[in-house]
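Trainee: pasting the sequence and the predicted model now:
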Amino acid sequence: MAQPEVGVVGLRKFIKQLEALGVDVTDLKAAWQRVGNIVVQEAKGNVHSISGALAGSIRPSMAKGGSTIRAGSAKVPYAGVIHFGWPRRNIEANQYLYDASAAKQQEVVTAISDELNNLVRKLGLN
């Protein structure tokens, strides 16, 4: 299964134009955090865990160009095994990240649009 992904056509160009105007695009990181949290909350509800450590390790990772949802850590090294499965060990895949991304795709698209429009208004570029 391919990774679910939501993209914005022309985002790189938009960011470069903002930077050329001297705008600090760190506001975009906050926007991506808000957008990423939509998928994070859904993913936390999709993961089955005993201790809650796996759900607690799900988080957005931001850059000025987008948000990536990550799970696992040194204390939760089994996140990938739970997500992708391990047939030799009879562990079925629970693709909680992919499922959350697919389930929230329309909400994410709307949130991205709102965040970018809010940024343009905030900067007085409309």
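Mentor: Everything's here; your move. Residues are numbered from 1 along each chain as shown.
Trainee: ok, now which residue in the protein is the farthest from the centroid?
Mentor: Here the chain reaches farthest from its C-alpha mean at R88, the gap being 30.1 Å by Cα atoms, centre = their mean.
Trainee: state the distance from that one to Y98.
Mentor: Counting by Cβ to Cβ, to the nearest Å, the gap from R88 to Y98 is 22 Å. Any C-beta I mention is one placed from the backbone N, CA and C, and that applies to glycine too.
Trainee: re earlier: let's see the pLDDT reported for the residue farthest from the centre of the chain.
Mentor: We have a pLDDT of 95 for R88.
Trainee: that one belongs to a helix, doesn't it?
Mentor: Yes. According to DSSP: H, G, I helix; E, B strand; the rest coil, R88 belongs to a helix.
Trainee: which parts of this protein are helices?
Mentor: With helices called from DSSP state H, the chain shows them at 11-20, 26-46, 53-56, 79-84, 96-103, 105-122.
Trainee: fine by me, we can end here.
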